[in-house]
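Q: 3D, please:
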Amino acid sequence: MDGLMMDYPLLVRHVAERAETVFPDRELVARTKDGTERSTYGQLAERVRRLASSLERIGVQPGDMVATFAWNSIRHLELYLAVPSTGAVLHTLNIRLFEEDLRYIVGHAEDKLIFVDASLAGVMPKFEGVEREVLMPDAEGEREGALDYEELISDGDPNYSFPEFDERSAAAMCYTSGTTGRPKGVVYSHRSTLLHSLAAGQPDAMDIRQSDSITPVVPMFHANAWGIPYTATLAGARHVYPGPRMTPEELADLIKTENVTWAAGVPTIWQGMLQLDPPPDLAGVRQIMSGGSAVPDHLIKAYQDRFGVTMIQGWGMTETSPLASMSRVPAEYDLDEDQQLAVRATQGRVQPLVDFRIDEESGGELQVRGPWVAKAYYKDPATGEKFTDDGWLRTGDVAELRHSSYIKLVDRTKDLVKSGGEWISSVELENEIMAHPDVLEAAVIAVPDERWGERPCACVVRKEGASLDEAALQEHLKARVAKWWVPERVEFIDEVPKTSVGKFDKKVLRARFVEQPTKV
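A: Below you'll find the model as predicted:
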């Protein structure tokens, strides 16, 4: 017997239509290089319809790859909604990648059209195979032969009707950061995007509300800005985008000036804001979401103690759309303040509809599956290496369980240090190093050792004016970790190199320090 519910396809256009009919007067804000732009959901929806009709008029077909090379902005949000709603596929390009990687990605994806911010017009290379470029006027800038974005809007049909198609059709594509090889394409469907957006909006997930003013500092070119643009639009929240103005000082000013209540970004963003003098005014902020790499417990505690702001940790990957788990204090346990902090420093409980398991045979690797988890990579013959025979995604993360259902990532499989046959977690060691008051950042890598095979090498950035030395740091660690975890080798560096999405780039550190074996 079949159910008697309507067959209603889950399509990205429903996000735009909901904003248009339910929240037409809710404000949208975006900073540009020299000013601030303002709009409403009602104006946004009309522009999305106009843009979608113009895309059809200039020859964009269902299934075509339409790329963006842009900052977080209202125009970028328009593209998030318009491109998939025509049946084309939105492909957000990482503006921080090296040209070689960009050329590979654009060629591999077979992008047909690229939208580029005028402020980035002099940075983006010319790509073979791309038929057209469209210039978006966020600043002064030119691009020879490019179409004008605002002309596409003005020439479009404000009454354009979005087409119907299968909810399993491709909606968007992002490429992984390629830390262990060529970037890999992950293709999201309309169905997966809508389900992810609904789940992410739950109170025990992102908890984005209609009353919120939200600032996604995480780039819109990175895993769909963690899905925040879609989730926040479904909720009717007020979007506040930083555009190109991304320094800690500028972000602090934006949060205060625009009364931001909810923000999201990688830990390095919030570490930088913590160093501001005078300290930022975060009185109106009720929640900060952080992720992309492990969030140190001392960072969570610092925001709670200094500003009264709750920092929550989310975990996921490009392959999981990306939100797969969120860490909040459980209601069923009576935990003191320190125990609560320890729970908040885990990666949390998986989201509804996401299954997980820890494969002890592969060293404790976390594996996941679900309706917004990738089952393959785009045009990649080596896809099978990342997926199990029974269809689970191999995350590459080594995990343990806390409080029966809280995932604690111990390390990446490639970052563990195997010393004398025993494993040392680089992530846990980094967190203990960064708990020292004189440490700004730290990354731990494995270096060859003649006696033990491998030993940890701590690459440490001191806070400005600090005089911390190797002996003092080792003494600090002796009270916090097993004696054999304490690194004999400490390298003080000016900064930890970062990937294009703000994660620690350990391959750069390995290239620099692994050539010097530790002597015992």
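
Q: drop to CA atoms for contacts and neighbour counts, all remaining ones
A: OK.

Q: Would you enumerate the residues in contact with residue 284?
A: 256, 259, 260, 261 (CA atoms under 8 Å, 6 or more residues apart in numbering).

Q: how's this protein carved up into domains?
A: Per the record, the chain has its domains at 13-349, 353-412, 417-513, by automatic domain parsing.

Q: Mean confidence (pLDDT) on the first one, please.
A: Over the span of domain 13-349, the pLDDT mean works out to 96.

Q: any idea how far residue 413 is from residue 351?
A: Note on residue 351: its distance to residue 413, by CA to CA, to the nearest Å, is 23 Å.

Q: Could you do residue 399 as well?
A: 10 Å.

Q: before we move on, what about residue 112?
A: Remark: distance between residue 112 and residue 413 (CA to CA) = 37 Å.

Q: quick revisit: including distance to residue 274, secondary structure and neighbour count, could the contacts of residue 284 go into JSON lines?
A: Output for these, formatted as JSON lines (distance: CA to CA, whole Å; DSSP: H, G, I helix; E, B strand; the rest coil; neighbours: other CA atoms under 10 Å):
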{"residue": "256", "distance to residue 274": "15", "secondary structure": "helix", "neighbour count": "17"}
{"residue": "259", "distance to residue 274": "19", "secondary structure": "coil", "neighbour count": "17"}
{"residue": "260", "distance to residue 274": "17", "secondary structure": "coil", "neighbour count": "23"}
{"residue": "261", "distance to residue 274": "17", "secondary structure": "coil", "neighbour count": "23"}
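
Q: and which of the residues you listed is nearest to residue 301?
A: Using CA to CA, residue 261 is the member of those that lies nearest residue 301, at 18.7 Å.

Q: Do I have it right that that closest one meets residue 309?
A: No: using CA atoms under 8 Å, residue 261 is not in contact with residue 309; the gap is 9.9 Å.

Q: Mind listing the shared neighbours of those two?
A: In contact with both residue 261 and residue 309: 285, 286, 287, using CA under 8 Å, 6+ apart.

Q: gap between the last one and residue 17?
A: Summarising the geometry, the distance separating residue 287 from residue 17, computed by CA to CA, is 28 Å.

Q: Dihedrals phi and psi, residue 249?
A: Note on residue 249: backbone dihedrals following degrees, to the nearest 10 are phi -60, psi -40.

Q: Next, count neighbours for it.
A: A count of nearby residues for residue 249, using other CA atoms under 10 Å, gives 17.

Q: can you offset everything so residue one is 6?
A: Taking 6 as the first residue, the last one we looked at is residue 254.

Q: got a list of what it touches?
A: 278, 281.

Q: switch the cut-off to 10 Å
A: Shown in contact with residue 254 (CA atoms under 10 Å, 6 or more residues apart in numbering): 277, 278, 280, 281, 282, 283, 284, 285.

Q: rewinding a little: need the domains of the chain in JSON lines (columns: distance to residue 10).
A: Putting those into JSON lines (distance: least, CA to CA, whole Å) gives the following:
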{"stretch": "domain 18-354", "distance to residue 10": "17"}
{"stretch": "domain 358-417", "distance to residue 10": "20"}
{"stretch": "domain 422-518", "distance to residue 10": "42"}
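
Q: okay, these, which one's buried deepest?
A: Mean neighbour count (mean count of other CA atoms under 10 Å) peaks for domain 18-354 among those, with a mean of 20.

Q: anything in contact with each of residue 404 and residue 418?
A: Contact criterion CA under 10 Å, 6+ apart; residues shared by residue 404 and residue 418: 368, 369, 370, 371.
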